[in-house]
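[1] A structural model of the following input is requested.
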Amino acid sequence: MKVLHVDINHPLIIEQFSELGFQNDEDYISSKKEIENKIEQYDGLIIRSRFTIDSEFLDKAKNLKFIGRLGAGLENIDTKYAKSRGIFLAAAPEGNRNAVGEHAMGMLLSLFNKLNSADREVRIGKWDREGNRGLELEGKVVGIIGYGNMGKAFAKKLIGFDVEEVICYDIQGGVEDENARQVGIMEFQNRVDVVSLHVPQTELTIGMINSEFLEKFQNPIWIINTARGKCIITSDLVEALKSGKVLGAGLDVLEYEKASFENMFSENSLPDAFQYLIDSDQVILSPHVAGWTVESKIKLAQTIVNKIKAKFIV
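    Model prediction:
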């Protein structure tokens, strides 16, 4: 196997591929067009999110047998076309699910206990104990939308917090486990106090959190999004924050990110809705790093190696 690596990952992936007899070439600086011009030489491609893999690219990858993406999803790849070409696709949600679960929990606890605003105030000499009185997770109903690797990891982190119940909603049936009960959308919206998103980016999930959706919740809710930014219409979220329908939001991902996930804005000016998020003490933001830990870097690489090895090495 001749493999091209176009994103820098943990060195174990190259080390272990070499042990399997693979030839590893690294190119972290060439443009997508330049990569296209030589991709015909390769049996495998290892990518994170530097550029999208579309049908035009795949047409030039005449000998490609696999694509390994060191991340949870494959939305930057034309998966349908790749599969029609017989290309094996390997993502690695198993590699960073624990990191995502911990990050979501950290955001939720920070929001409930006003840790970000309290920290800023103490640093400037403001000692407001009553203004920073927090909430407890005990007795709350936590709802998870999307109960795959990431949703399950977050549910596991909730064990020990004495929440009233963890419930999940997923378009696939039979996904519940000992940590969460699967329910229909009506029960979900009637009962939850907290909503945590753990869905892939698809035609069904883009813009799924909008004004119409939010209005159907019985209780004011807290929202955590460590999934994909385009799942939430930011302007609708801002209106819900202003009205009190949403009490607070922890956003690791934003609608304005580019497809590569490495940058956020295509334009220089900040959208008004994002400016509101920046100025709000009800919101915690992080730069798409929920699955981005020292440990997950190793786990992601090892997961891809294991999947490629299982597929191609007898």
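[2] Helices of the stretch 151-300 of the chain, residue ranges please.
    Secondary structure of the stretch 151-300 of the chain by DSSP state H, counting those that start in this stretch: the helices cover 185-191, 211-215, 234-243, 272-279, 294-312.
[3] tell me what the last one is packed against?
    So that's helix 294-312. Contact here means 3 or more CB pairs under 8 Å, 6 or more residues apart in numbering; DSSP states H and E; on that basis helix 294-312 packs against helix 12-19, strand 66-69, strand 88-90, helix 93-112. Every C-beta, even on glycine, is put in place using the N, C-alpha and C of the backbone.
[4] Next: the shortest one.
    On a contact count with 3+ CB pairs under 8 Å, 6+ apart, helix 211-215 meets helix 234-243.
[5] Mind exporting the C-alpha coordinates of the helix it packs on to PDB?
    Extracted C-alpha coordinates of helix 234-243, given in PDB (Å, rounded to 0.1, in the frame of the first residue of the first chain):
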ATOM      1  CA  THR A 234     -27.500  31.100  15.500                       C
ATOM      2  CA  SER A 235     -29.900  34.000  15.000                       C
ATOM      3  CA  ASP A 236     -32.700  31.800  16.300                       C
ATOM      4  CA  LEU A 237     -30.700  30.700  19.300                       C
ATOM      5  CA  VAL A 238     -30.000  34.400  20.100                       C
ATOM      6  CA  GLU A 239     -33.700  35.200  20.000                       C
ATOM      7  CA  ALA A 240     -34.400  32.300  22.300                       C
ATOM      8  CA  LEU A 241     -31.600  33.500  24.700                       C
ATOM      9  CA  LYS A 242     -33.100  37.000  24.700                       C
ATOM     10  CA  SER A 243     -36.600  35.700  25.400                       C
END
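[6] How about the residue in this protein that sits furthest from its center?
    residue 125 (36.3 Å; CA atoms, centre = their mean).
[7] Around residue 41, count how many other residues there are.
    For residue 41, the count of nearby residues is 13 (other CB atoms under 10 Å).
[8] can you check residue 81 too?
    Residue 81: 16 neighbours (other CB under 10 Å).
[9] For it, pull up the helix or strand it's in.
    According to DSSP states H and E, residue 81 maps onto helix 79-84.
[10] Go through that helix and flag the buried ones.
    79, 81, 82 (16 or more other CB atoms under 10 Å).
[11] And for stretch 70-81?
    For stretch 70-81, by 16+ other CB under 10 Å, it's 70, 71, 72, 73, 74, 75, 76, 77, 78, 79, 81.
[12] on that earlier part again, of all the buried residues of helix 79-84, which comes closest to residue 269?
    residue 79 (33.7 Å; CB to CB).
[13] neighbours around the spatially closest residue to that closest one that is not a sequence neighbour, how many?
    What sits nearest to residue 79 in space, not counting adjacent residues and going by CB to CB, 6 or more residues apart in numbering, is residue 89, at 6.1 Å. By the criterion of other CB under 10 Å, residue 89 has 15 neighbours.
[14] Tell me the confidence at residue 89?
    With respect to pLDDT, residue 89 scores 97.
[15] cool, residue 268 as well?
    We have a pLDDT of 63 for residue 268.
[16] returning to that earlier point: which one among the buried residues of stretch 70-81 gets closest to residue 303?
    residue 70 (8.2 Å).
[17] can you tell me how far that closest one sits from residue 136?
    37 Å (CB to CB, to the nearest Å).
[18] now swap in residue 68 and tell me
    With CB to CB as the criterion, residue 68 and residue 136 are 42 Å apart.
[19] So between the two, which is more surrounded?
    Set residue 68 next to residue 136 and count neighbours by other CB under 10 Å: residue 68 wins out with 26 against 12.
[20] Would you check that the more buried one makes contact with residue 307?
    Yes. The criterion here is CB atoms under 8 Å, and residue 68 meets it with residue 307 at 7.3 Å.
[21] circling back to that earlier point, dump the helices of the stretch 151-300 of the chain into CSV; add mean neighbour count and distance to residue 157 as well.
    Listed next are these as CSV, based on neighbours: other CB atoms under 10 Å; distance: least, CB to CB, whole Å:
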stretch, mean neighbour count, distance to residue 157
helix 185-191, 15, 19
helix 211-215, 15, 25
helix 234-243, 19, 24
helix 272-279, 15, 25
helix 294-312, 18, 15
